[in-house]
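A.B. asks: sequence first, predicted model second:
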Amino acid sequence: MATEKKLDETAFGAIVKEITAFGEMIRTHQDEKQAAMDEFDKERERYHVGKISKKALVSSVRKVNRELKRLDNLIRKDISNLVKTNNQAKGFALKQAPRSFKVAMSGISSSSRKK
């Protein structure tokens, strides 16, 4: 009896969930980075108004630069993981190529090469 390939939906669903999770992590880290930059803008404005000292602003610059670098590294790592998982999904999908069958009065036959 001839049978067609069937997609393992649970395995493919797990890959899709993983891709979604990495996408959400990238977005979360981007939002954290934007929040850090916005917070620094507020501190810089407070310095110009005279509410904080130059020493406090310099300290904040170092702290924010460290945080931005850390977030950039996390975003790059998440992008790398997303690319790996995406390639895994691509390979999984390519394995689902259909088999060729022909039907005749005598029955069903596979027109693909036998291995």
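C.D. replies: Structure received.

A.B. asks: please count neighbours and contacts with C-alpha atoms only from this point.
C.D. replies: OK.

A.B. asks: which residues in this structure form helices?
C.D. replies: 9-49, 54-94 (DSSP state H).

A.B. asks: shouldn't Leu57 be in contact with Glu45?
C.D. replies: No: contact between Leu57 and Glu45 fails when scored by Cα atoms under 8 Å: they sit 10.1 Å apart.

A.B. asks: neighbour count: the two, which is higher?
C.D. replies: Taking other Cα atoms under 10 Å, Leu57 and Glu45 do not tie; Leu57 has more neighbours (16 against 13).

A.B. asks: report the contact partners of the more buried one.
C.D. replies: Contact partners of Leu57, counting by Cα atoms under 8 Å, 6 or more residues apart in numbering, are 43-44, 47.

A.B. asks: ok, it to Phe40 distance?
C.D. replies: 9 Å (Cα to Cα, to the nearest Å).

A.B. asks: pLDDT wise, what is Arg113 at?
C.D. replies: Among the per-residue scores, Arg113 holds a pLDDT of 57.

A.B. asks: how about Asn73?
C.D. replies: 98.

A.B. asks: low-confidence ranges in the chain?
C.D. replies: The chain contains residues with pLDDT under 70 at 1-2, 111-115.

A.B. asks: mind listing what's buried in stretch 15-34?
C.D. replies: 15, 18-19, 22-23, 25-26, 29-30, 33 (16 or more other Cα atoms under 10 Å).

A.B. asks: quick one: contacts of that stretch?
C.D. replies: 67-68, 71, 74-75, 78-79, 81-82, 85-86, 88-89.

A.B. asks: which of the residues you listed are buried?
C.D. replies: Here, 16+ other Cα under 10 Å leaves 67-68, 71, 74-75, 78-79, 81-82, 85-86, 89 buried among these.
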